[in-house]
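Trainee: Let me see the structure of the following:
(one chain, ligands or ions: 1)
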Amino acid sequence: MKLFTLIAALSLTCAAQTSYAARPITDIKLAFDEQRPRQIKVEVKWQAQSSILHMADWGAEQFPDGWAHFVKDLSVTDTQNKALIVNFNGKDQWQTSATPGQQLTLRYTVDMSHDQHAWPHGLDEAAYVKEDAIFSTGQALFVVPKDAESFKVSFDLPKTWKSSTPWPKENHSYKVESYDALVSNVMMVGRHHEMVFKEGDFAVTVAVGQARRASVPMIEKVMRPAIREYVRLFGGVPKNNYLVTLHEGLTDGGGFDSSYSLLASEDFHQGNIIEWGHLVTHETLHMWNGTGMHPDANLEWVKEGFSEYYTFLTLYKLGIIDDQLLSKKFENHSRRVFAHRDGTALIDTVKNKQKYWDFMYGGGAIMALVLDHEIRQATSGKKTLENVMHRLFSQYNGKSFNLEQFIAVVNETAGKDLTPLFQRYVIGKEKPDMKAAFAQLGFELVPTTTREIYLIDQANGKSLRRKWVGLKN
Ligand SMILES: [Zn+2]
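Mentor: The predicted structure is shown next:
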């Protein structure tokens, strides 16, 4: 049986390698000009299979022609430099007269004027040009053959510039192994500052525009220990390379496949750490809970709420926030549960994330606390919610999981059937009893008739909280 499994595994690996080797690589070159930073010249070379070229069809909905609104002078030529017929569908596709097997070259210019328009999701999810750096999402830049799934991306840069991307580097270009990894990521190009945090074979590159250069020591102070803590919590690393970008702008953040982008209206310093420390720690956690393992749509409250819960605990454990701030954070989130009145169940908040934002994040975080408490009770403190996160990550890294699979891991960890809690508080509309869970965190939960909620610190509160997060007293 073992031998059979081994042979089966080997033949699967071989098959995977053969099919990868056979996959045609689409070669993309991006040329930047210091004098004309708002013009990126793109050249794509490939052997035709499909006759259609396309761009991402999400993220620029305010333009009828989507991301193509910024694409100029598009042409396709064959090896004799003869132009092919190209018809644009007015949205995101170009039909060409290519025949299978032809070696083709696509050329176009991206007019980087995205930041002169309004973006509902913010410039952090589009593209912008600053004095020292050009930031772009893959969606904004790439027109590629419809069936292309494997890419080599190289940058032709002015001498003093560098390129920061989340893709692995091979010689002088980047290897991109899927269409999603190409378009659902960000990059920064220019004279920005770059640093790399390594934890084993996990490397996080942080690219920071000169205007936010003073934030670098603070990012390092929070991100380095947070990454170490998450590697411990999840028992492994998601992808090997990850990119974080930061520049000046209206404070915002957007997460992508193996990158996230931040804009900040002021530099990060100790005085405003409550704002940015949380953002950075939460977004970094999504490298595991979100893009590493993918909770499905019914578990959006786990993706956001559990990330909030472990952001709180991690900030506290690392000494970045104290007992008072931790209490305020939990107070805020428990109030969101307390004040949620329209009867929408937690599982349904995903249907209108904007509207139910507060309850999804707050209710999810409180549900994490309640489950953590129940698991500790059921196992006399031998297991915690950390065991659930650890187990989920080892089972589902690179894959998605659904509510049933999630409950199965919770029940197995607790050694007890906790399904009724999900039926009542997640699928059902009942509100969880937070009081008992907060008592274990050293807080007395006091709701008032005027719809306020307070967490009152208990005499032995600090020692209970330190124990909860695994610190010695
Ligand atoms: Zn999030």
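
Trainee: any idea which element Lys41 lies in?
Mentor: Using DSSP states H and E, Lys41 maps to strand 39-47.

Trainee: Now do the buried residues in the helix or strand immediately after that strand in the chain.
Mentor: As assigned by DSSP H and E, the chain's next helix or strand after strand 39-47 is strand 52-54. Across strand 52-54, burial judged by 16 or more other Cβ atoms under 10 Å covers 53-54. Using the backbone N, CA and C atoms, a C-beta is placed for each residue, glycine as well.

Trainee: List the neighbouring strands of strand 52-54 plus their orientation.
Mentor: strand 93-96 (antiparallel), strand 144-145 (antiparallel) (DSSP bridges).

Trainee: per-residue confidence for the residue of the chain most remote from its centre?
Mentor: No residue in the chain sits farther from the centre than Gln80, which is 43.3 Å out by Cα atoms, centre = their mean. Gln80 is assigned a predicted lDDT (pLDDT) of 97.

Trainee: So it versus Gln103, what's the distance?
Mentor: 10 Å (Cβ to Cβ, to the nearest Å).

Trainee: most tightly surrounded among the strands paired with strand 52-54?
Mentor: Of all the strands paired with strand 52-54, strand 144-145 has the most neighbours on average by mean count of other Cβ atoms under 10 Å, namely a mean of 22.

Trainee: mean confidence for that one?
Mentor: The average pLDDT within strand 144-145 is 98.

Trainee: Same question for stretch 100-115.
Mentor: For stretch 100-115, the mean per-residue pLDDT is 97.

Trainee: now do stretch 280-295
Mentor: Mean per-residue pLDDT for stretch 280-295: 94.

Trainee: going forward can the numbers begin at 661, since that is how I track them
Mentor: Renumbered: residue one is now 661, and that last one reads stretch 940-955.

Trainee: what does that stretch rub up against?
Mentor: By Cβ atoms under 8 Å, 6 or more residues apart in numbering, the list of residues contacting stretch 940-955 from outside reads 864, 879, 882-883, 886-887, 890, 893-894, 898-899, 902, 904, 913, 915-918, 920, 922, 962-963, 966-968, 970-971, 974-975, 980, 1049, 1052-1053, 1056-1061, 1066.

Trainee: Please identify the helix or strand for Val813.
Mentor: Val813 belongs to strand 811-816, assigned by DSSP H and E.

Trainee: and if you look at Lys858?
Mentor: strand 853-859.

Trainee: who does that strand touch, helix- and strand-wise?
Mentor: strand 862-868, helix 876-894 (3 or more Cβ pairs under 8 Å, 6 or more residues apart in numbering; DSSP states H and E).

Trainee: Got the phi and psi for Ala1068?
Mentor: Ala1068 adopts backbone torsions of phi -60, psi -40, taken as degrees, to the nearest 10.

Trainee: Break this structure down into its domains, please.
Mentor: 683-838, 852-948, 954-1128 (automatic domain parsing).

Trainee: related to what we said a few turns ago, so which of the strands paired with strand 712-714 gets nearest Lys1042?
Mentor: strand 804-805 (51.4 Å; Cβ to Cβ).

Trainee: returning to that earlier point: please compute how far the strand holding Val813 lies from its chain's middle.
Mentor: 23 Å (Cα atoms, centre = their mean, to the nearest Å).

Trainee: pLDDT on that strand, on average?
Mentor: In this model, strand 811-816 has a mean pLDDT of 98.

Trainee: same deal with stretch 1045-1053?
Mentor: 98.

Trainee: Not counting it itself, show me its contacts.
Mentor: Residues outside stretch 1045-1053 that contact it (Cβ under 8 Å, 6+ apart) are 893-896, 948-949, 952-953, 966, 969-970, 1028, 1031-1032, 1035, 1061, 1066, 1069-1070, 1072-1073.

Trainee: Any of those buried? List them.
Mentor: 893-896, 948-949, 952-953, 966, 969-970, 1028, 1031-1032, 1035, 1061, 1066, 1069-1070, 1073.

Trainee: And for stretch 1031-1040, what's in contact with it?
Mentor: Here stretch 1031-1040 makes contact (Cβ under 8 Å, 6+ apart) with 969, 1043-1045, 1047-1048, 1070, 1073-1076, 1078, 1081, 1096-1097, 1100.

Trainee: By neighbour count, which of those residues wins?
Mentor: Tyr969 (26 neighbours; other Cβ atoms under 10 Å).

Trainee: Please confirm that it is located within a strand.
Mentor: No. Assigned with DSSP: H, G, I helix; E, B strand; the rest coil, Tyr969 falls outside any strand and is helix.

Trainee: so it sits right up against Gly1023, yeah?
Mentor: No. Applying Cβ atoms under 8 Å as the test, Tyr969 and Gly1023 come out as separate, 11.1 Å apart.

Trainee: surely Val856 meets Ala867?
Mentor: No. Counting by Cβ under 8 Å, Val856 sits too far from Ala867 to count as a contact (10.1 Å).

Trainee: Of the two, which one has the most company?
Mentor: The residue with more neighbours, out of Val856 and Ala867, is Ala867; 26 against 10, by other Cβ under 10 Å.

Trainee: Tell me the spacing between that one and Ser919.
Mentor: Counting by Cβ to Cβ, the gap from Ala867 to Ser919 is 10 Å.

Trainee: Need the residues touching each of these two.
Mentor: Joint contacts of Ala867 and Ser919 (Cβ under 8 Å, 6+ apart) are 903-905.

Trainee: so who does Thr1009 touch?
Mentor: 960-961, 1016, 1019-1020, 1023.

Trainee: can we see that at 10 Å?
Mentor: 960-961, 964-965, 1000, 1015-1021, 1023-1024 (Cβ atoms under 10 Å, 6 or more residues apart in numbering).

Trainee: Tell me which of those fall in helices.
Mentor: 960-961, 1017-1021, 1023-1024 (DSSP state H).

Trainee: is it possible to export these to CSV including pLDDT, neighbour count and distance to His714?
Mentor: CSV is the format used below for the ones in helices among the contacts of Thr1009 (pLDDT from 0 to 100; neighbours: other Cβ atoms under 10 Å; distance: Cβ to Cβ, whole Å):
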residue, pLDDT, neighbour count, distance to His714
Glu960, 97, 22, 28
Trp961, 98, 26, 33
Trp1017, 93, 13, 32
Asp1018, 95, 16, 37
Phe1019, 96, 24, 37
Met1020, 96, 27, 32
Tyr1021, 97, 23, 34
Gly1023, 97, 28, 38
Gly1024, 98, 27, 35
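
Trainee: Looking at the residues you listed, which one is closest to Arg696?
Mentor: Nearest to Arg696 among the ones in helices among the contacts of Thr1009, with distances taken as Cβ to Cβ, is Trp1017, at 40.2 Å.

Trainee: just the CA coordinates of stretch 1046-1064, formatted as PDB?
Mentor: Taking C-alpha atoms only, stretch 1046-1064 is exported to PDB below (Å, rounded to 0.1, in the frame of the first residue of the first chain):
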ATOM      1  CA  GLU A1046      -4.100  28.100  17.800                       C
ATOM      2  CA  ASN A1047      -4.300  24.300  17.300                       C
ATOM      3  CA  VAL A1048      -7.200  24.900  14.900                       C
ATOM      4  CA  MET A1049      -5.300  27.600  12.900                       C
ATOM      5  CA  HIS A1050      -2.200  25.300  12.800                       C
ATOM      6  CA  ARG A1051      -4.200  22.300  11.600                       C
ATOM      7  CA  LEU A1052      -6.200  24.300   9.000                       C
ATOM      8  CA  PHE A1053      -3.000  25.700   7.600                       C
ATOM      9  CA  SER A1054      -1.200  22.400   7.300                       C
ATOM     10  CA  GLN A1055      -4.300  20.900   5.700                       C
ATOM     11  CA  TYR A1056      -5.300  23.800   3.400                       C
ATOM     12  CA  ASN A1057      -2.300  25.900   2.500                       C
ATOM     13  CA  GLY A1058      -2.800  26.800  -1.200                       C
ATOM     14  CA  LYS A1059      -6.300  25.500  -1.100                       C
ATOM     15  CA  SER A1060      -9.800  26.600   0.000                       C
ATOM     16  CA  PHE A1061     -11.900  25.200   2.800                       C
ATOM     17  CA  ASN A1062     -15.600  25.500   3.600                       C
ATOM     18  CA  LEU A1063     -17.700  25.800   6.700                       C
ATOM     19  CA  GLU A1064     -18.100  22.000   7.100                       C
END
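
Trainee: All set, thanks.
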